[in-house]
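Asker: when you get a sec, could you give me coordinates for this:
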Amino acid sequence: METLTRKIRIDALPENTAYDDKGCDLYPSCLRCPLPRCRYDEPGGAAGMLRTGRDAAILRVAERDGIPVDRLAEMFGLSRRTIFRVLRTGRSQGIMV
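Answerer: This next block holds a predicted model:
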């Protein structure tokens, strides 16, 4: 009978080792982090994750209430240019008419 041998992964971690779960600058523990994905696995990191939510809120408010760009910039603490960029991206992705 032939013995099966498995290749050991080069990046495999040793078993029964105590690992410190130190988290990151957002949350003190990786295992208890509320984010759906790790900030380091997300393109743009934490800032990208926050921008996605912020942009969705801008598009929602602009679509629903028809608020002018100047007021949106004031509400979200952003420049007019950033608001125009978010609205243009929303239109190009079909999120906003």
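
Asker: every contact and neighbour count from this point should use C-alpha atoms.
Answerer: Fine.

Asker: count of neighbours near residue 59?
Answerer: 23 (other CA atoms under 10 Å).

Asker: residue contacts, it?
Answerer: Going by CA atoms under 8 Å, 6 or more residues apart in numbering, residue 59 touches 86, 87, 90, 95, 96.

Asker: repeat the analysis, applying 6 Å as the threshold.
Answerer: By CA atoms under 6 Å, 6 or more residues apart in numbering, the contact set of residue 59 is empty.

Asker: what strand or helix carries it?
Answerer: Remark: residue 59 resides in helix 45-65, with elements defined by DSSP states H and E.

Asker: low pLDDT regions in this structure?
Answerer: Applying pLDDT under 70 to the chain flags residues 1-4, 13, 16, 96-97.

Asker: look up how far residue 55 lies from the residue nearest in space to the middle of the chain.
Answerer: Residue closest to the average C-alpha location in the chain (CA atoms, centre = their mean): residue 49, at 2.2 Å. Look at residue 49 and residue 55: by CA to CA, to the nearest Å, they are 10 Å apart.

Asker: same question, residue 66
Answerer: Counting by CA to CA - residue 66 and residue 55 are separated by 15 Å.

Asker: so for these two, which residue has more residues nearby?
Answerer: Counted by other CA under 10 Å, residue 66 and residue 55 do not tie: residue 55 has more neighbours, with 19 against 11.

Asker: what's the burial count for the closest residue to the more buried one other than its chain neighbours?
Answerer: Distances taken as CA to CA, 6 or more residues apart in numbering put residue 86 closest to residue 55, at 6.2 Å, once the chain neighbours are dropped. Per other CA under 10 Å, the neighbour tally for residue 86 reads 19.

Asker: just the one 3 residues further on next, same as before
Answerer: The tally of other residues near residue 89 (other CA under 10 Å) stands at 15.

Asker: what about it, which helix or strand?
Answerer: Per DSSP H and E: residue 89 is located in helix 80-92.

Asker: export that helix as PDB, just CAs?
Answerer: Extracted in PDB, the C-alpha atoms of helix 80-92 (Å, rounded to 0.1, in the frame of the first residue of the first chain):
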ATOM      1  CA  ARG A  80     -17.600  70.900  -4.100                       C
ATOM      2  CA  ARG A  81     -15.200  69.100  -6.300                       C
ATOM      3  CA  THR A  82     -15.500  65.900  -4.200                       C
ATOM      4  CA  ILE A  83     -19.300  66.100  -4.300                       C
ATOM      5  CA  PHE A  84     -19.200  66.500  -8.100                       C
ATOM      6  CA  ARG A  85     -16.900  63.500  -8.300                       C
ATOM      7  CA  VAL A  86     -19.200  61.400  -6.200                       C
ATOM      8  CA  LEU A  87     -22.300  62.400  -8.200                       C
ATOM      9  CA  ARG A  88     -20.500  61.700 -11.500                       C
ATOM     10  CA  THR A  89     -19.400  58.300 -10.300                       C
ATOM     11  CA  GLY A  90     -22.900  57.500  -9.100                       C
ATOM     12  CA  ARG A  91     -24.300  58.500 -12.500                       C
ATOM     13  CA  SER A  92     -21.700  56.500 -14.500                       C
END
